[in-house]
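Colleague: Below are the sequence and a predicted model for it; my questions follow.
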Amino acid sequence: MTSKSLWMSIAVAPGAISLQGDERCDVAVIGSGIAGLSTAYELSQRGRSVIVIDRGPIAGGMTARTSAHLAPLCDDLMSEMQKIKGEKLSKLFYESQAAAVDRIEEIQKSEGIDCDFRRLDGYLFQGDDMPSDVIDEELDAVRAVGASVERLVGVPLTGCDSRHVLRYPRQATFHPLKYLAGVAEACAKRKVRFFANTPVEEVLEEDGAVTVKTARGKIRAGHAIVATNSSIVDRIALHSKMSPYRTYVVAFAIDRGALPDALYWDTEEPYHYVRLQPGEDGKDFVLVGGEDHKSGEADDGDKRFQSLEQWARGKMPMLKDVTHRWSGQVLDTIDYAGFIGKNPGSKYIYVATGDSGQGLTHGVMGAMLNATLVTGGESKWAELYAPDRKPLKAAKNWVMENSTALKNLAEYVAPGEISSIDKLEPGQGAIIRDGLKKIAAYSDAKGDVHRHSAACTHLGCHLHWNSFENCWDCPCHGSIFGPEGEVLNAPATSGLTPVS
């Protein structure tokens with residue numbers, strides 16, 4: 001993907017090389033976002049030898065595209081979670097996510113990581129033309145799980161002085177890549193090894209251990225933890241219980257002190273969220289996110305950024321120039337909790353996936369949970385996040401999300417988006433029909449056309465072009481491919497099939 005976030009100026013483990021030959025360790029961690037690096041940290045603290053491997057740069061995936069809210073409440077509202085999981089499990093969810101924020105605070109302090117971490121208030125406020133009963137219902141649900149909350153009227157945004165509001169004290173935020181750079185340094189001191197730009201092709205259980213295979217070597221380990229954005233060791237069991245969503249973020253310059261430092265999010269659907277990030281020379285940044293949609297089901301990024309900017313300037317007229325625009329992908333699960341623990345059907349392979357819009361807290365909490373399980377311990381959170389769980393009360397969400405795959409496969413009988421490759425402009429991608437086949441065609445800057453099968457190599461779903469990020473998105477399970485067919489994001493592990 002081509003956009004650059006506010007965080008991407010920070011390099012994490014910049015000296016990491018690609019794997020050349022075979023290696024051995026106690027635990028192989030696949031994926032180097034916050035879930036993978038936090039897992040390596042927790043395991044190295046327990047005396048395990050660890051290798052972290054990633055298809056791209058260390059920490060160069062979806063963690064680098066976050067908005068970096070550290071809010072331990074359910075991203076889809078605690079009241080919605082309680083309808084599916086009940087009060088007991090919802091309370092465990094809040095406690096586990098809050099423990100993740102505490103762990104980040106503890107690590108940045110003990111390791112001396114300068115990452116702009118700070119505790120601050122979070123405000124959930126009534127959205128434009130939205131009823132206030134959502135606030136009332138959420139107040140009861142939050143109190144039921146034991147979280148601190150206060151009901152107020154008004155937030156310091158234009159036109160919102162009479163809105164119904166919930167204030168959550170001691171939320172937090174930070175600079176995610178500054179934090180991960182510090183975590184990686186702490187891991188390196190404990191002999192954790194990093195291999196970047198090394199795509200994993202297969203993860204196998206053999207002879208009581210795990211073999212991680214790549215094109216240029218393999219890693220033999222007692223256990224593997226797959227901490228990729230979307231799992232690469234599952235076809236159906238996990239992927240049928242979560243769906244990929246594209247989300248958008250705009251960063252604006254702002255004078256320091258012009259907006260109180262806090263987290264803000266509204267009750268609209270999809271909701272908007274706002275936070276501040278310290279800058280330099282008396283200037284800060286305001287990050288505004290939202291406009292989410294199912295991955296691959298819209299190609300109108302510029303329009304969504306315009307909507308975000310219009311909403312933001314209406315609420316915060318003191319905003320200055322736009323400095324960054326980027327998008328990312330989140331994986332929403334049908335019951336709002338991630339899948340963390342032993343991979344279904346495996347003995348030595350564990351997973352951490354399904355961020356449900358809370359990838360940072362899920363990543364850190366998941367590292368704590370998986371490190372405990374891999375080293376033979378027990379956790380009260382295990383049942384809540386068990387990858388093999390079957391949440392029957394989430395059946396409606398399961399049906400709704402899996403209907404995407406059925407609608408998607410029907411697209412193979414539809415006409416192409418353009419009638420001929422000759423109509424492709426440089427830098428443009430489009431789906432073209434060639435007899436019975438669908439072709440994903442891309443014209444590069446020189447006008448050379450790259451032709452590939454339009455079928456995702458994970459489960460064959462029909463791909464869609466993303467003109468903002470210059471990539472092919474899979475609407476079914478979140479695979480992302482570069483314009484020339486290379487894999488950019490799991491669950492796919494092999495590139496698109498070239499078509500002559």
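Modeller: Looks like it came in fine.

Colleague: Where does the prediction get shaky in the chain?
Modeller: 395, 398-402 (pLDDT under 70).

Colleague: longest strand anywhere in it?
Modeller: strand 242-255 (DSSP state E).

Colleague: Provide the strand pairings for it, with the direction of each partner.
Modeller: When pairing is defined by DSSP bridges, strand 242-255 lines up against strand 283-294 (antiparallel), strand 322-333 (antiparallel).

Colleague: okay, those in JSON lines with distance to Ser96 next?
Modeller: For every residue, glycine as well, the C-beta is placed using N, CA and C. Listed next are the strands paired with strand 242-255 as JSON lines, based on distance: least, Cβ to Cβ, whole Å:
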{"stretch": "strand 283-294", "distance to Ser96": "24"}
{"stretch": "strand 322-333", "distance to Ser96": "15"}
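
Colleague: Comparing these, which stretch has the densest surroundings?
Modeller: Of all those, strand 322-333 carries the top mean neighbour count, a mean of 22, counting by mean count of other Cβ atoms under 10 Å.

Colleague: Which SSE is immediately downstream of that strand?
Modeller: strand 339-342 (DSSP states H and E).

Colleague: Partner strands of that following strand, with direction?
Modeller: Counting by DSSP bridges, strand 339-342 is paired with strand 349-353 (antiparallel).

Colleague: Centre of the chain to the partner strand, how far?
Modeller: Taking Cα atoms, centre = their mean, to the nearest Å, one finds strand 349-353 lying 15 Å from the centre of the chain it belongs to.

Colleague: What is the longest helix seen in the chain packed up against?
Modeller: In the chain, assigned by DSSP state H, the helix with the most residues is helix 78-110. Identification of packing neighbours for helix 78-110 by 3 or more Cβ pairs under 8 Å, 6 or more residues apart in numbering; DSSP states H and E yields strand 69-70, helix 133-144, strand 164-173, helix 176-189, helix 359-374, helix 382-385.

Colleague: residues contacting the spatially most central residue of the chain?
Modeller: The centroid of the chain falls nearest to Val330 when counting by Cα atoms, centre = their mean (4.1 Å). Val330 is in contact with Met62, Pro244, Tyr245, Thr247, Asp292, Asp355, Ser356, Gly357, Gly359, counting by Cβ atoms under 8 Å, 6 or more residues apart in numbering.

Colleague: okay, the helices and strands packed on helix 78-110 in TSV with distance to Gly416 and mean neighbour count next?
Modeller: Shown next, in TSV, are the helices and strands packed on helix 78-110 (distance: least, Cβ to Cβ, whole Å; neighbours: other Cβ atoms under 10 Å):
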stretch	distance to Gly416	mean neighbour count
strand 69-70	40	24
helix 133-144	43	17
strand 164-173	45	20
helix 176-189	40	22
helix 359-374	35	26
helix 382-385	42	19
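
Colleague: Please convert these to a markdown table, extending it with distance to Gly460.
Modeller: Output for those, formatted as a markdown table (distance: least, Cβ to Cβ, whole Å):
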| stretch | distance to Gly460 |
| --- | --- |
| strand 69-70 | 35 |
| helix 133-144 | 39 |
| strand 164-173 | 40 |
| helix 176-189 | 34 |
| helix 359-374 | 27 |
| helix 382-385 | 29 |
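
Colleague: Of the ones you listed, which is nearest Trp326?
Modeller: For the helices and strands packed on helix 78-110, the distance to Trp326 is smallest for helix 176-189, at 13.0 Å, taking Cβ to Cβ.

Colleague: now that closest one: how far from the chain's centre is it?
Modeller: The answer for helix 176-189 is 19 Å, by Cα atoms, centre = their mean.

Colleague: Stretch 386-397 too?
Modeller: For stretch 386-397, the distance to the chain centre is 20 Å (Cα atoms, centre = their mean).

Colleague: How about residues contacting it?
Modeller: 83-85, 237-238, 334-335, 339-344, 351, 383.

Colleague: Break this structure into its domains for me.
Modeller: Following automatic domain parsing, one finds the domains of the chain at 118-173+243-333, 410-489.

Colleague: Can you give me the buried ones in stretch 305-313?
Modeller: Phe305, Ser307, Leu308, Glu309, Trp311, Ala312 (16 or more other Cβ atoms under 10 Å).

Colleague: returning to what we had before: out of the strands paired with strand 242-255, flag the one nearest Leu177.
Modeller: That would be strand 322-333 among the strands paired with strand 242-255, by Cβ to Cβ, at 13.1 Å.

Colleague: If we only consider the contacts of stretch 386-397, which is nearest to Thr211?
Modeller: For the contacts of stretch 386-397, the nearest to Thr211 is Asn343 (14.8 Å; Cβ to Cβ).

Colleague: Just want to check the distance between the closest one and Glu42.
Modeller: 18 Å (Cβ to Cβ, to the nearest Å).

Colleague: same check, this time on Ala337
Modeller: Taking Cβ to Cβ, one finds Ala337 at 19 Å from Glu42.

Colleague: more neighbours, those two?
Modeller: Higher neighbour count among Ala337 and Glu42: Ala337, with 27 against 24, using other Cβ atoms under 10 Å.

Colleague: I figured the more buried one hits Leu384, correct?
Modeller: Yes: the pair Ala337 / Leu384 is scored as a contact, 5.9 Å apart, by Cβ atoms under 8 Å.
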